[in-house]
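>>> Structure for the following, please:
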Amino acid sequence: MGLSDWRPFVYGGVSACIAEFGTFPIDTTKTRLQIQGARSDGGQIVAKRYKGMIHALLKISSEEGVRALYFGIAPAVLRQATYGTIKFGIYYSLKQMLTKNPNEERLGINVFCAVTAGVVSSAMANPTDVLKVRLQSGRSDFKEKSLLQAFISIYNQEGIQGLWRGVCPTAQRAGVIVGVELPIYDMCKHYFIKMNLLPDNSTNHFLSSFISSLGGAVASTPLDVVRTRLMNQRKLKAPAAVSGNGAVCTSPVYASTADCFIQTVKAEGPLALYKGFIPTWLRLGPWNIIFFVTFEQLKKFY
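As a prediction, the model looks like this:
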């Protein structure tokens with residue numbers, strides 16, 4: 001595999017899209033749980049409708065139909081086709097560039113490669129993430145629009161900033177989660193092989209990916225809560241006229257990542273930063289397992 005090899009990019013993107021589709025309903029429940037208790041565009045507190053992941057799955061299915069669990073799947077798959085492709089391609093390419101012998105990998109180098117890959121890829125794919133979050137939250141703004149129409153609608157109403165709403169916590173979250181998950185996966189996989197506990201097979205890939213998902217969930221959930229709340233709020237380019245139904249809020253509820261952290265903790269307590277932790281972990285576990293098992297099988301074509 002040469003330094004300019006395209007296969008890590010393509011195989012990473014394909015594996016990410018398959019994993020995304022298989023775990024998307026869990027991601028929808030995570031988004032709904034994280035938005036609960038936050039302030040909406042009009043300043044009102046979003047009502048708490050769901051008691052947990054299972055309750056959210058059942059309630060969304062019964063009230064809105066099973067299809068609602070997949071609202072946002074199109075931008076989500078588009079996101080993985082860009083974010084996943086760039087992320088894993090950069091990670092494995094950088095690793096090979098900086099580590100000549102795969103058996104002599106260093107944790108520091110792996111973390112650097114993973115953080116770089118996560119920040120760059122997530123920043124580039126941010127518009128697809130914004131649309132995915134807004135569809136998952138249950139808003140009706142874009143349900144009848146195509147992807148292109150939805151992106152144009154956000155741009156027309158909120159400007160280019162609207163498409164990159166929450167890009168800072170998104171990049172930070174990606175840097176954290178990728179910087180934790182990928183090095184842990186590689187470390188566990190090589191450890192099992194080195195200690196003769198497991199060969200380089202599907203069982204090893206399964207166990208290593210499951211362990212890495214727990215580390216990723218613990219490290220990334222607070223930033224994920226902030227990211228979701230920032231992405232779900234709107235900031236229109238021009239003041240809206242007051243109608244008979246009330247005015248549209250044009251100023252952001254959360255002014256920045258730090259402001260969202262502070263307001264969330266002040267209003268809901270520190271544990272609010274771990275809203276949606278269970279579905280986050282239960283999604284990251286299957287997501288990582290599906291991704292890494294698929295990716296490792298595709299690598300056999302190298």
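>>> Give the next helix or strand downstream of the helix ranked longest in the chain.
Using DSSP state H, we find that the single longest helix of the chain is helix 202-232. Beyond helix 202-232 in the direction of the C-terminus, DSSP states H and E gives the next helix or strand as helix 257-268.
>>> Next, the angle from whichever helix or strand comes after that following helix to helix 202-232.
Tracing the chain past helix 257-268, the next element assigned as helix or strand by DSSP H and E is helix 277-299. Note on geometry: by axes from the mean of the first three to the mean of the last three CA atoms, to 10 degrees, helix 277-299 and helix 202-232 are set 130 degrees apart in direction.
>>> Quick check, pLDDT for the nearest residue to C260 once chain neighbours are set aside.
Counting by CB to CB, 6 or more residues apart in numbering, C260 lies nearest to Y254, which is 3.9 Å off, once chain neighbours are set aside. (C-beta placed from N, C-alpha, C; glycine too.) Confidence at Y254, expressed as pLDDT, is 81.
>>> Then A174?
The score at A174 is 87. That number is its pLDDT.
>>> Would you mind measuring from it to R67?
Look at A174 and R67: by CB to CB, to the nearest Å, they are 28 Å apart.
>>> Between those two, which is the more surrounded one?
It is A174, of A174 and R67, that has more neighbours when counted by other CB atoms under 10 Å, with 28 against 10.
>>> Wait, that one touches S121, no?
Yes - contact criterion CB atoms under 8 Å: A174 and S121 qualify, at 6.9 Å.
>>> and for these two, which residues touch both?
Shared between the contact lists of A174 and S121 (criterion: CB atoms under 8 Å, 6 or more residues apart in numbering) are residues Y83, K87.
>>> what packs against the longest helix of the chain?
Judged by 3 or more CB pairs under 8 Å, 6 or more residues apart in numbering; DSSP states H and E, the packing partners of helix 202-232 are helix 7-35, helix 126-136, helix 167-194, helix 257-268, helix 277-299.
>>> Only C-alpha atoms, please: export stretch 28-47 in PDB.
Extracted C-alpha coordinates of stretch 28-47, given in PDB (Å, rounded to 0.1, in the frame of the first residue of the first chain):
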ATOM      1  CA  THR A  28     -31.900   9.600  16.400                       C
ATOM      2  CA  THR A  29     -32.900   8.700  20.000                       C
ATOM      3  CA  LYS A  30     -29.500  10.100  21.200                       C
ATOM      4  CA  THR A  31     -30.300  13.400  19.400                       C
ATOM      5  CA  ARG A  32     -33.800  13.700  20.800                       C
ATOM      6  CA  LEU A  33     -32.500  13.000  24.400                       C
ATOM      7  CA  GLN A  34     -29.700  15.500  24.100                       C
ATOM      8  CA  ILE A  35     -32.100  18.300  22.900                       C
ATOM      9  CA  GLN A  36     -34.500  17.800  25.900                       C
ATOM     10  CA  GLY A  37     -34.100  20.600  28.400                       C
ATOM     11  CA  ALA A  38     -32.300  22.800  25.900                       C
ATOM     12  CA  ARG A  39     -33.600  26.200  24.900                       C
ATOM     13  CA  SER A  40     -35.400  26.400  21.500                       C
ATOM     14  CA  ASP A  41     -35.300  29.200  18.900                       C
ATOM     15  CA  GLY A  42     -38.000  31.100  20.700                       C
ATOM     16  CA  GLY A  43     -36.200  30.700  24.100                       C
ATOM     17  CA  GLN A  44     -38.600  28.100  25.500                       C
ATOM     18  CA  ILE A  45     -37.300  25.000  27.200                       C
ATOM     19  CA  VAL A  46     -37.700  21.900  25.100                       C
ATOM     20  CA  ALA A  47     -40.100  19.600  26.900                       C
END
